[in-house]
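Trainee: pasting the sequence and the predicted model now:
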Amino acid sequence: FLLTQPHSVSESPGKTVTISCTGSSGSIASNYVQWYQQRPGSAPTTVIYEDYRRPSGVPDRFSGSIDTSSNSASLTISGLKTEDEADYYCQSYDSNNHWVFGGGTKLTVL
Amino acid sequence: QVQLMQSGAEVKKPGASVKVSCKASGYSFLAYPIHWVRQAPGQRLEWMGWVDAGDGSTKFLQKFQGRLTLTRDTSANTAYMELTSLRSEDTAVYYCSRFRYWGQGTLVTVSS
């Protein structure tokens, strides 16, 4: 089971960007998807868990969704700020309940 | 608040072993499994396995079979990851993680 993300995306401050995460087999809706933000030199932090839930402290500019028609999860960040520049990873589970990560997407805010 | 505090950086020679600790605080240690994830330089996150903090059972990727041991000490609220027969490809930052929370990472460098 693989999760495929775009290698990189870029957008201007104040705009909205969406990062996709496409499952290779089965239904992505069958297991929860998490999204992690990782700034250079830092540990990942959770920005979305269980498909769309936001941990306390994460701005509501961050939202998650599932699209069964494309077998994809998406992370949408609105009102982009330069501090959002980071790598973003999606994570779900395979048939053995092992964590599976996407390849990561580098977000550039320019 | 929930915290996962990992042990410090390690430098090891090929063939040696490394043991990384992850001390949990701010929640009931027994309630959540501890996952271990590593990230080689410039690479993606790679899940290695988990240990059930309650009963000590483990699950891990087949590629680490025979080299990876995951344990926990419930009296110390601490989980451990031991990797043996180290090779240069094991050079990475190793993270422990609990649902929604991550440790700060431990750099393990394997070099002769």
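Mentor: All right, it came through fine.

Trainee: packing partners for the worst-scoring helix or strand of chain B on mean pLDDT?
Mentor: Sorting the helices and strands of chain B by mean pLDDT, DSSP states H and E puts strand B:58-60 at the bottom, at a mean of 94. For strand B:58-60, the elements it packs on are strand B:46-51, strand B:68-73, judged by 3 or more Cβ pairs under 8 Å, 6 or more residues apart in numbering or on different chains; DSSP states H and E. Heads up, the C-betas are built off the backbone N, CA and C, glycines and all.

Trainee: got the contact list for the residue of chain B found nearest chain A?
Mentor: Distances between chain B and chain A by Cβ to the nearest Cβ are smallest at B:W47, namely 3.8 Å. Residues near B:W47 by Cβ atoms under 8 Å, 6 or more residues apart in numbering or on different chains: A:H98, A:W99, A:V100, A:F101, B:H35, B:W36, B:V37, B:L61.

Trainee: between those, which is closest to B:T71?
Mentor: Of all the contacts of B:W47, the one sitting nearest B:T71 is B:W36; the distance, using Cβ to Cβ, is 11.2 Å.

Trainee: give me the angle between the helix or strand that contains that closest one and strand B:68-73.
Mentor: Assigned by DSSP states H and E, B:W36 belongs to strand B:34-39. Computed by axes from the mean of the first three to the mean of the last three Cα atoms, to 10 degrees, the angle separating strand B:34-39 from strand B:68-73 equals 140 degrees.

Trainee: partner strands of strand B:34-39, parallel or antiparallel?
Mentor: Applying DSSP bridges, strand B:34-39 is found paired with strand B:46-51 (antiparallel), strand B:92-98 (antiparallel).

Trainee: quick one: B:R98 and B:Q3 touch, right?
Mentor: No: between B:R98 and B:Q3 there is no contact under Cβ atoms under 8 Å: 10.0 Å.

Trainee: between these two, which is the more surrounded one?
Mentor: For B:R98 versus B:Q3, the count of surrounding residues by other Cβ atoms under 10 Å in any protein chain shown is larger for B:R98: 21 against 12.
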